[in-house]
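A.B. asks: Coordinates for the following, if possible.
(one chain, ligands or ions: 3)
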Amino acid sequence: MDKRTSFNLWFVVVAIGFLFAFQYFYEQSQRVEPIPYSRFEEYVAQDRIAELEVTESRIVGRLRDPREGERAYFSTYRVDPELAQKLSGHDVVVYGATDHSAIGTVLSWVLPVFLFFGIWLFLMRRLSKNMGGGLMSIGKSKAKIYVEQDTKTTFADVAGVDEAKAELEEIVEFLKDRQRYGRLGARLPKGILLVGPPGTGKTLLARAVAGEAGVAFLSISGSEFVEMFVGVGAARVRDLFEQARKLAPCIIFIDELDALGRARGAAGMAGGHDEKEQTLNQLLVELDGFDAGEGIVLLGATNRPEVLDPALLRAGRFDRQVLVDRPDKIGRVAILAVHSKGIRLAPQVDLEKVAELTPGFTGADLANLCNEAALVATRHGREAVAFEDFEAAVERMIAGLEKRNRLLNRKERRVVAYHELGHALVALSLPGVDPVQKVSIIPRGIGALGYTLQRPTEDRFLMSTEELENKMAVLLAGRAAEKIVFSEISTGAADDLQKVTDIARAMVARFGMDERVGQAALESETGRFLGSPMEGGGRRYGEDTAREIDIAVRDRIDKAFAKAMAILETRRDEMDALASKLLEQETLSAAELPPPTPAKQQAEAA
Ligand code: ADP
Ligand code: MG
Ligand code: ZN
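C.D. replies: Ligands and ions are numbered 1, 2, ... in the order given. Okay, the predicted model is just below:
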């Protein structure tokens with residue numbers, strides 16, 4: 001008998017019990033007729049009463065010979081304390097009794113308590129049964145640690161994320177040949193965090209690492225650690241690492257790391273909070289306690305790296321991050337090739353054309369697309385999947401994806417392309433700003449719509465006024481480009497503006513770089529938060545100065561914007577050419593961008 005039917009049976013039993021009890025009490029109440037005291041006196045006077053039971057407050061009696069329609073038993077509240085006198089001479093048998101209250105009260109309290117206790121016990125039993133094991137076995141991990149001894153997935157199954165694959169290649173080498181790495185004393189990073197939007201193949205990659213290296217693959221999802229009882233999650237973490245030690249060499253993969261690695265102290269649900277903290281602490285302890293020499297490699301995956309507790313990302317923990325991004329067009333072709341292996345393609349289908357239709361699609365979307373296309377083809381009774389089937393499938397999927405805000409429409413793509421090129425071209429024209437590595441209009445899911453990757457060439461400790469001004473111009477160039485090309489601006493620059501404002505304000509109020517305000521540090525680095533007027537007036541300057549600061553900040557921003565505008569206006573043609581290339585390819589590498597201007601090169605060489 002499974003749980004469900006046994007539950008239903010219980011329910012029926014209880015319900016029937018209630019019915020019987022109800023009926024009994026109902027009948028009882030029907031047998032005894034409540035009557036007014038005056039009627040009782042009449043009965044006495046007419047000698048109609050055979051028996052009486054008298055308590056301090058009630059009288060219950062039986063009639064000698066009830067008439068038609070009358071009940072034999074009656075009850076009434078006792079009103080007259082001189083009852084006995086009245087009764088004498090009427091031939092009534094009188095019993096004295098105490099009120100039922102004593103036993104009645106006890107019963108009326110005890111019975112429900114027992115009843116509730118019973119119900120509670122019953123529910124608890126069911127609950128713990130559902131959780132697989134009674135309360136006693138909480139510590140024992142029934143955590144769903146999925147162990148795969150022999151993973152069939154290989155790197156060949158993962159396409160379009162070549163950079164991430166290259167980074168993970170090293171781990172595979174290490175797991176395959178630990179002696180070689182050990183000999184030179186090389187240490188591998190213990191924990192590698194795969195970061196990227198959902199569906200880009202993070203889980204797939206982790207599994208492929210295990211498959212390539214031929215080691216066991218232990219996986220668990222962060223959300224499974226989140227438990228009702230404090231301490232269970234921590235026990236699971238301990239268990240996980242214990243198992244891993246037995247299976248080494250192996251890979252531990254923690255999916256959805258953000259579910260358990262959320263920054264401590266951040267607002268969380270009441271109650272679940274302590275538990276999460278304990279689990280996270282245990283994870284940190286375990287991370288510190290093992291050494292890659294044991295042959296255990298830890299992989300984590302998240303699409304929200306920004307919420308992770310910084311302690312998790314410290315050296316010796318998840319200290320290496322691998323970006324698993326949405327694929328560009330070439331990547332999409334490769335992914336489509338992987339997933340169309342399983343379906344029968346018409347020979348004239350050009351996957352490159354399909355890739356063109358699907359900017360912003362993730363690996364999972366593309367896998368889904370292949371399946372959808374096959375379904376459409378089947379419905380049309382075709383022998384093989386044709387290009388039109390892909391088109392139809394894309395159309396069907398796009399609506400849903402757009403709703404989830406993951407795809408840009410044509411106009412948006414153009415705006416983003418010009419915006420990003422604006423950043424890039426100004427960065428290439430001004431000395432002292434970091435060189436551009438890559439421009440992309442593939443939405444990142446995490447914040448920005450497109451991005452321009454600038455890598456700092458060297459660690460900078462000092463920056464001159466001019467360098468800061470140039471940096472601001474680069475940040476504002478996105479919006480400047482939009483203004484030049486579309487003569488309107490969009491909301492896409494909010495993040496840029498935030499950064500620009502921070503820099504401008506720091507120049508004026510922190511670094512003393514503005515003549516009008518003077519060389520005074522009016523704010524400290526954190527001062528803007530700690531000393532904000534809301535916090536009790538920690539501001540060390542008056543209204544006039546505050547106004548001056550605001551004006552100076554605005555002035556600086558306006559100047560930087562004008563600078564960006566001037567550069568972009570002279571490079572407009574170049575920008576148009578690059579934009580159409582960017583729209584087609586979705587990414588432009590440093591080599592595909594124009595070289596830094598001679599002025600920039602000279603200034604930087606000096
Ligand atoms: P994530 O863990 O990043 O959310 P998954 O690894 O679970 O994504 O991907 C889900 C599915 O989508 C995979 O099983 C695979 O079929 C497909 N997929 C995703 N990314 C890729 C890729 N880069 N190459 C091939 N298939 C992919
Ligand atoms: Mg996943
Ligand atoms: Zn921007």
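A.B. asks: ok, which stretches of the stretch 201-350 of the chain are strands?
C.D. replies: 216-221, 250-255, 296-302, 320-323 (DSSP state E, counting those that start in this stretch).
A.B. asks: what's the answer for the stretch 501-606 of the chain, then?
C.D. replies: Using DSSP E, counting those that start in this stretch, the strands of the stretch 501-606 of the chain run over residues 587-589.
A.B. asks: which strands and helices sit next to the helix or strand that residue 163 is a member of?
C.D. replies: Taking DSSP states H and E as the definition, residue 163 sits inside helix 162-176. Judged by 3 or more C-beta pairs under 8 Å, 6 or more residues apart in numbering; DSSP states H and E, the packing partners of helix 162-176 are strand 191-195, helix 202-213, strand 296-302, strand 320-323. (Each C-beta comes from the backbone N, C-alpha and C, glycine too.)
A.B. asks: Now distance to ligand 3, mean pLDDT and mean neighbour count too, for the ones you listed, in TSV please.
C.D. replies: TSV is the format used below for the helices and strands packed on helix 162-176 (distance: least, C-beta to the ion, whole Å; pLDDT from 0 to 100; neighbours: other C-beta atoms under 10 Å):
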stretch	distance to ligand 3	mean pLDDT	mean neighbour count
strand 191-195	21	89	25
helix 202-213	26	92	24
strand 296-302	24	90	25
strand 320-323	19	86	18
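A.B. asks: Residue 511: which of the ones you listed is closest?
C.D. replies: strand 320-323 (31.3 Å; C-beta to C-beta).
A.B. asks: Describe which strands the closest one pairs with in its sheet and in which direction.
C.D. replies: According to DSSP bridges, strand 320-323 forms sheet pairs with strand 191-195 (parallel).
A.B. asks: What residues does this protein have near ligand 1?
C.D. replies: Within the chain, the positions near ligand 1 by C-beta under 6 Å from any ligand atom are 158-161, 196, 198-204, 301, 335, 338, 363-364, 367.
A.B. asks: And the contacts of stretch 552-572?
C.D. replies: With C-beta atoms under 8 Å, 6 or more residues apart in numbering as the contact definition, stretch 552-572 has outside contacts at 422, 425-426, 429-430, 469-470, 472-477, 479-481, 483-484, 500-501, 504-505, 507-508, 514, 516-517, 575.
A.B. asks: now these: which count as buried?
C.D. replies: Buried members of the contacts of stretch 552-572, scored by 16 or more other C-beta atoms under 10 Å, are 422, 425-426, 429-430, 469-470, 472-477, 479-481, 483-484, 500-501, 504-505, 507-508, 514, 517, 575.
A.B. asks: Next, the buried residues of stretch 253-264.
C.D. replies: 253, 254, 255, 256, 257, 258, 259, 260, 261, 262, 263.
A.B. asks: make that stretch 74-83, sorry
C.D. replies: Buried, per 16+ other C-beta under 10 Å, within stretch 74-83: 74, 76, 83.
A.B. asks: What of stretch 289-298?
C.D. replies: Buried, per 16+ other C-beta under 10 Å, within stretch 289-298: 290, 292, 295, 296, 297, 298.
A.B. asks: do stretch 24-43 as well
C.D. replies: 33, 35, 40, 43.
A.B. asks: roughly how far out does the one helix or strand the last one maps to sit from the chain middle?
C.D. replies: This means residue 43. According to DSSP H and E, residue 43 maps onto helix 37-45. A distance of 77 Å separates the centroid of the chain from that of helix 37-45, by C-alpha atoms, centre = their mean, to the nearest Å.
A.B. asks: Show me the contact partners of the following helix or strand past it.
C.D. replies: Using DSSP H and E, the helix or strand that directly follows helix 37-45 along the chain is strand 49-54. The contact list for strand 49-54, computed with C-beta under 8 Å, 6+ apart, reads 43, 59-64, 78, 83, 87, 90, 92-97.
A.B. asks: per-residue pLDDT, residue 499?
C.D. replies: Residue 499 carries a pLDDT value of 86.
A.B. asks: which non-adjacent residue is nearest it?
C.D. replies: residue 475 (5.4 Å; C-beta to C-beta, 6 or more residues apart in numbering).
A.B. asks: Check for me that that neighbour belongs to a helix.
C.D. replies: Yes. Per DSSP: H, G, I helix; E, B strand; the rest coil, residue 475 lies within a helix segment.
A.B. asks: On the three-state scheme, whichever residue of the stretch 401-550 of the chain sits closest to ligand 3 is what?
C.D. replies: Among all residues of the stretch 401-550 of the chain, residue 478 sits closest to ligand 3, at 3.3 Å; criterion: C-beta to the ion. Under three-state DSSP, the three-state class of residue 478 is helix.
A.B. asks: Could you pull up the contacting residues of it?
C.D. replies: So residue 478 contacts 419, 420, 422, 423, 492, 493, 496 (C-beta under 8 Å, 6+ apart).
A.B. asks: what's around the second one, how many residues?
C.D. replies: Spelled out, that is residue 420. 29 (other C-beta atoms under 10 Å).
A.B. asks: any idea how far it is from residue 478?
C.D. replies: With the distance defined as C-beta to C-beta, to the nearest Å, residue 420 ends up 7 Å from residue 478.
A.B. asks: joint contacts of those two?
C.D. replies: Joint contacts of residue 420 and residue 478 (C-beta under 8 Å, 6+ apart) do not exist.
A.B. asks: How about the secondary structure of the residue located most distally from the centre of the chain?
C.D. replies: Here the centre of the chain is the reference, and by C-alpha atoms, centre = their mean the most remote residue is residue 89, at 87.4 Å. Under three-state DSSP, the three-state class of residue 89 is coil.
A.B. asks: Dihedrals phi and psi, it?
C.D. replies: Main-chain dihedrals, residue 89, degrees, to the nearest 10: phi 90, psi 0.
A.B. asks: Could you give the bridge partners of the residue of the stretch 1-150 of the chain found nearest ligand 3?
C.D. replies: Residue nearest to ligand 3 within the stretch 1-150 of the chain: residue 146 (41.2 Å; C-beta to the ion). For residue 146, the beta-bridge partners are residue 219 (DSSP bridges).
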